[in-house]
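**Student:** task: produce atomic coordinates for the following.
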Amino acid sequence: MEQVRPARPQFIRAIRNPIMSPRCKKPRQCSCPYHGNVGEVFKPAGTPLRDLERITLNHDEMEAMFLCDSENLTQEEAGERMGVSRGTVQRLLMQARKKTIEAIVLGKALSVESGREPDK
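**Tutor:** Numbering: from 1, shown residues only. Prediction:
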């Protein structure tokens, strides 16, 4: 007669600890002329800000968009100026363009996060 072994308990590993915070951003060299105030918002005229959904554009996303679209640098050149890889610039550009067009087309408020370090 064949012996039946009891099933081993299955251990489920957590792939990602939900308590862990995201990795710190790599310091970047800023050459974008925009150094706006924290909380500066661009929104459709005539609509109160309280009635609009807000999209936040990070300063490094704005920097990548400025270098590639305004200064006409390649992604590789922009990466060298920012101190990051070309792939990072490509990701930042994709995110920045998506957020910007979403704010314009769907009539949302676009707030720009400051690139300055907070005062301690």
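
**Student:** list the contacts for residue 58?
**Tutor:** Taking Cβ atoms under 8 Å, 6 or more residues apart in numbering, we find residue 58 in contact with 95, 96, 113. Glycine gets a C-beta too; all of them are placed from N, C-alpha and C.

**Student:** also residue 106?
**Tutor:** By Cβ under 8 Å, 6+ apart, no residues touch residue 106.

**Student:** pick out the lowest-pLDDT one from the contacts of residue 58.
**Tutor:** Ranked by pLDDT, the contacts of residue 58 bottom out at residue 113, which scores 81.

**Student:** returning to that earlier point: looking at the contacts of residue 58, which are in helices?
**Tutor:** Taking DSSP state H, the ones among those that sit in helices are 95, 96.

**Student:** got the contacts of residue 58 as a markdown table, with neighbour count columns?
**Tutor:** Supplementary listing: these in a markdown table, determined by neighbours: other Cβ atoms under 10 Å:
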| residue | neighbour count |
| --- | --- |
| 95 | 16 |
| 96 | 21 |
| 113 | 16 |
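
**Student:** out of the contacts of residue 58, who's nearest residue 41?
**Tutor:** Nearest to residue 41 among those is residue 113, at 11.1 Å by Cβ to Cβ.

**Student:** follow-up on the earlier one: kindly reformat the contacts of residue 58 as a markdown table containing distance to residue 42.
**Tutor:** As requested, the contacts of residue 58 are exported to a markdown table (distance: Cβ to Cβ, whole Å):
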| residue | distance to residue 42 |
| --- | --- |
| 95 | 17 |
| 96 | 13 |
| 113 | 13 |
